[in-house]
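Colleague: Quick one, structure for this:
(chains A and B)
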Amino acid sequence: MPEPAIVRVPHETVNDETVTLQRRAVAEGRAVKAGEVLAVLETSKASIEVEAPRDGYVFWCAEEGADIPVGGALCGIADTERRPEFAAEALKPAHAQADSDAPRAGGPARFSAEARRLIAEHGLDERRFDGQGLVRGADVLKACRPAQADHAPAAACEPPPAFAKPGAPARRERLPRAKRAENRMLRAAAARTVPSTVSVQVPTRGLRASIHEQSERYGSFTAVAIHELARLLREVPVLNAYQHDDAIHFYESVNVAVAMDAGKGLKAPVIRDADRKSLREIAAELQAFLMTYLRGELAAADLEGATFTLSDLSGEGVQQFVPVLNEAQAATLGIGAELPHGAGRALTLTLTFDHLLTEGRTAAGFLRALGKALAKYDRDPGAEPPRRAPRPSPPPTPAIPSSGTSCAPGPACSRPGPSSRTPISSTSAATRSWPLSSSTTSRSWPRRPSTRWRSSTPPRPGSSRRCCARITRARPPRCSNGSGPATPGPEPGRRPTSRPWTRPCSPRCAR
Amino acid sequence: MAVETWNGVSLELWAKTLLIRETEERFLRLFSEGKLFGTVHTCIGQEYTAVAVAEALQPGDLIFSNHRCHGHYLARTGDVEGLTAEIMGRATGLCGGRGGSQHLCAAGFFSNGVQGGIVPVAAGLALAEELAGTSNLAAVFIGDGTLGEGVVYETLNIASKWALPLLVVLENNGYAQSTSQRETLAGELDARAEAFGIRAGRCELWDIPQLLARAEAAAAYVRRERKPFFLRVDTYRLMAHSKGDDDRDPAEVAAYRAKDPLGRFAAEHPEDAARLQREASALVDRAVAKAEAAPYAEAGPHDADPPAWRAVRWQPTTFQAHDRVVGRLHDALRNHLLQNEKLVLLGEDIAGPYGGAFKVTRQLSLEFPGRVRNTPISEAALVGLGNGLALNGWLPVCEIMFGDFLTLAFDQFLNHAAKFRYMYNEQVKVPLVIRTPMGGRRGYGATHSQSLEKHWLGVPHTRVLALHHRFDPYELVDRLLSNADRPTLLIENKLLYGLKTDAPPPRGFVVEHSDETFPTTRLRPLTEPDLVIFCYGGLLPEAEQAADRLFEEHDLAAEIVCPACLYPFNAAPLEESLRRTGKLLIVEEGQGFAALGAEVLAQLAERGAAPARVRRLAAPAHPIPSSGPLEKALLPGAAQLVETAAGMCADA
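Modeller: Model prediction:
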């Protein structure tokens, strides 16, 4: 009897090492025609369908709900109705052999889970361990130490303190696959960025209602927001970029990921070239994405390539929240609800941005300009949406306290690799001149990436709180090893070593 | 006046018989004088059987005798001096004083004091002659007491089925030590052989011409027909079984003494008898005098296996053949069958097309007819046949279908194979190879899943190997068959058969092997190890899995040390690894009590190399269950290794 054709988990669409067999579309032993859907796989991003490569009878190698390595066997397609004997060898991931070669001298090392975690945490580059064979957590921490010597405080890179177990009993439940994947990317982003957050309160008269009433014309509030912010991003390219290797990489296009969560998991489909599309086009595309999302059919391709992320929670009654930066993005925008404010109403725009790329002043300017652009849609006789977005200008806007109501959902789980977006130019951060942050900003003590923003954190001694926009450093800078591309080096002349954030700021990692 | 013959028998034969009598009587006196070591079993009264059979044999024939072997030896060789010196513990003894009364060996003559087991060994000698196409036969002497041993019947069955030139001489003296045959044996004695289709003949000691004629006819039949023959000689032992353990009725003994042929000869020809006795006595006197003048046996430099401890050098292990373990074994056996025409495979169900329960031998029987043989379900006999083949210069490879059944052949391994070389004073080698699968995880239950190798460890002058997939089984078997110098047990874990020998190791680990003939394999992590896992055979894949997981999940680098040679065991490679970590996790699939792990720890401790932290994992102290999940949960594997190793390192 000829060997059954083994159908394997495809490689191309996923970053995951394993996928979950969500559903068998064909029952055991049933006939199938080439091209028919065999199975639905759940990747960390989306569900993908696997088609039968040929006619035959399907015999499964994996149960529904099972995690299967990429390249691993899903099922076999045999020529007869009798279940074939699967050779153990055939069931191994097809690429196992090549991947399992011992790391050769100078070749990539193999990392333990702990090592990977620490590498992400400390923003190291895996390549620096090339040729080291096996790399454990201790090896990563050891690699941190030489960098320490160059920087005053010596507390850096201590092994993380043991997780303090709360006294109360707890039930352990593994995070869902999608959440785990998302977390990996959020951690990666957190490891490579210095997030800061600025909020601006935009006075309105009934902006959302106004747009809703003219939905034939404007689509939805989210569509309007995308339309306006995308065009504004062309004016503030530093927010449509990412930092790597002490250089800023400007994205060529403006691809806005829109966070969606309507009970089918948090997904962020990407509106491509949003700056070049009409509001109508954006609204239509957004609507289409929403329907696809609700059907659970968003494809991996729909979720890739974002250069900026929008989390619009204005319809959720959330006053304000701090969105979390995504990997390889300079900024992410959160829109809170339009709530009564004084005589009228107000909407809070919050921008989390990478402080390695720009400063609060730029962010605040961007938000104010966006507020101004949105105001054109507000209830005011003759409010016509402008044909062109106004240039950002910094009209003074009262600072708003951002305490108490923060909510920081991870807005997106897309992870555009740099290869999928060609930067239009790269310039060394050390030589490029940006609007510098003014002394009017204040920084709070840093906190862990996932904790909520707390207004009660003590201000740094000597710092001023008189600011038009409150800026929060969302996370301490991680340990520098001096060579990792994700590690910001001090910018000569612009970031004196006496900058507050270079002081010991975390028991785990501070410089 | 001297006679030429008496009773139709030449005086030369009477002289031989008298020499046996005189020698043994002297042994009894020497024993009383405290000049012998151990005891002696005399054949006083039975001598003429030995003489008659010796007369019937030809120079190339082979003899296997038992504990009562002096007469057989002297009748065949006349070597009073060698025998006397041997029994007196002298270096000039025929086995250098190592063998003693029951363990003689000289030019085609062997004896061993264990009942029953010599019969298949003799059959193996006969098989070797048959395979070589000679006209020689093998004769084996047994007593009626030996008929209580099952292996006798296993062998009669095979000898008949395979038409082996084996002459079985039953000296029926009516007693097993002190127990009368009437108490212990049922049925007809001859019928036992006839039931297997073996021709049987009967004669009695007291009719010498008939005895001579029947012995001659029996040997001629075996030689001519190439078939076994069962010659029953009714006889009587006039002295005790050994020394002072005679509870027989004195009247019965006296009656037989009156019938003693030598007594009757002496009565009728006192002068001839006296002359022959003087001559015999002079020979014995001289033998005793020579022996007494000779030095006692001394320990030789090569008596004991040399200390196994030896530092090793390592080299990377490369895999070339893309095949499974079972295929590599097959190829190695086939290659040696092609190269070495003295290689014989014996086993149950090993012939093609079935080719063995685990398909190692596949079609080899079709390619090498006569040299790859199916045996009946007779583990003791088939290993005994192997022993005989090995003694006779062949290279037998015996397959025991399940390691659990190896217990049935333990006597052949321990009391025969392991002893021959030494107790025969290096006159022979026993290149016997026994292959057997051990191990569980197949749901075969308590009697088909065990890992019993610990019971075979520590038998001097033997070797126990455990193959695994990280050192090419072809290479291992090739080395074994090229260096077959001692009985070797090769353990083949059932689950290993299907593994590929060229599967890459876990990423970040390199496979190395030592420069030992049967090397130690090391799975070395490409970083400083945190602990050492010691395992062998079928647990290597589990240990590898554990090392892989320990690194990924627990941030721990484990170095695996896996010897191919469990005995004699060289702990030096393990000690080398331990120097870097001080933590040792030993895993064995069999029972851990007094097993290899315990021995390893004892050796390390003796050398001051005891690890700072140590744990042993082994099967729980009860039989192996059949239910798959239960069995899997109980037998030590990757999961337990990971848990234990992580625990050892966590609170270190």
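
Colleague: Excluding chain neighbours, give the residue nearest to the residue of chain A found nearest chain B in space.
Modeller: Among all residues of chain A, A:Gly133 sits closest to chain B, at 2.1 Å; criterion: Cβ to the nearest Cβ. For glycine as for every other residue, the C-beta is placed from the backbone atoms N, C-alpha and C. Once flanking residues are discounted, A:Gly133 sits nearest to B:Leu526: 2.1 Å by Cβ to Cβ, 6 or more residues apart in numbering or on different chains.

Colleague: show me the contacts for that neighbour.
Modeller: Residues in contact with B:Leu526, defined by Cβ atoms under 8 Å, 6 or more residues apart in numbering or on different chains, are A:102-103, A:109-110, A:132-134, B:508-510.

Colleague: And A:Gly344, by the same measure?
Modeller: So A:Gly344 contacts A:203-205 (Cβ under 8 Å, 6+ apart).

Colleague: Please apply the same query to B:Lys259.
Modeller: B:206, B:236.

Colleague: Among the contacts of A:Gly344, which lie within strands?
Modeller: A:203-204 (DSSP state E).

Colleague: who wins for most neighbours among the contacts of A:Gly344?
Modeller: A:Thr204 (23 neighbours; other Cβ atoms under 10 Å in any protein chain shown).

Colleague: which residues does the closest residue to it other than its chain neighbours bridge with?
Modeller: In this structure, A:Thr204 finds its nearest non-sequential neighbour in A:Arg345, 4.8 Å apart by Cβ to Cβ, 6+ apart. Beta-bridge partners for A:Arg345, by DSSP bridges, are A:Thr204, A:Pro340.

Colleague: picking up where we left off before, from B:Pro620, how far out is the residue nearest to A:Gly133?
Modeller: Taking Cβ to Cβ, to the nearest Å as the measure, B:Leu526 falls 35 Å from B:Pro620.

Colleague: so how far is the first residue of stretch B:244-261 from its last?
Modeller: 24 Å (Cα to Cα, to the nearest Å).

Colleague: Likewise for stretch B:263-272?
Modeller: Stretch B:263-272 has an end-to-end distance of 12 Å (Cα to Cα).

Colleague: and what of stretch B:65-80?
Modeller: End to end - Cα to Cα - stretch B:65-80 spans 17 Å.

Colleague: What's the mean pLDDT across that stretch?
Modeller: Mean pLDDT, computed over stretch B:65-80, is 97.

Colleague: How far away from the center of its chain is that stretch?
Modeller: 22 Å (Cα atoms, centre = their mean, to the nearest Å).

Colleague: Same question for stretch B:544-551.
Modeller: On Cα atoms, centre = their mean, the centre of stretch B:544-551 falls 40 Å from that of its chain.

Colleague: Dump it to CSV, keeping only the CA atoms.
Modeller: Taking Å, rounded to 0.1, in the frame of the first residue of the first chain, the C-alpha atoms of stretch B:544-551 are listed here in CSV:
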residue,chain,number,x,y,z
GLU,B,544,17.0,13.0,25.9
GLN,B,545,13.4,14.2,25.9
ALA,B,546,13.9,15.1,29.6
ALA,B,547,17.1,17.0,28.8
ASP,B,548,15.3,18.9,26.0
ARG,B,549,12.4,19.8,28.3
LEU,B,550,14.6,20.6,31.3
PHE,B,551,16.4,23.2,29.1
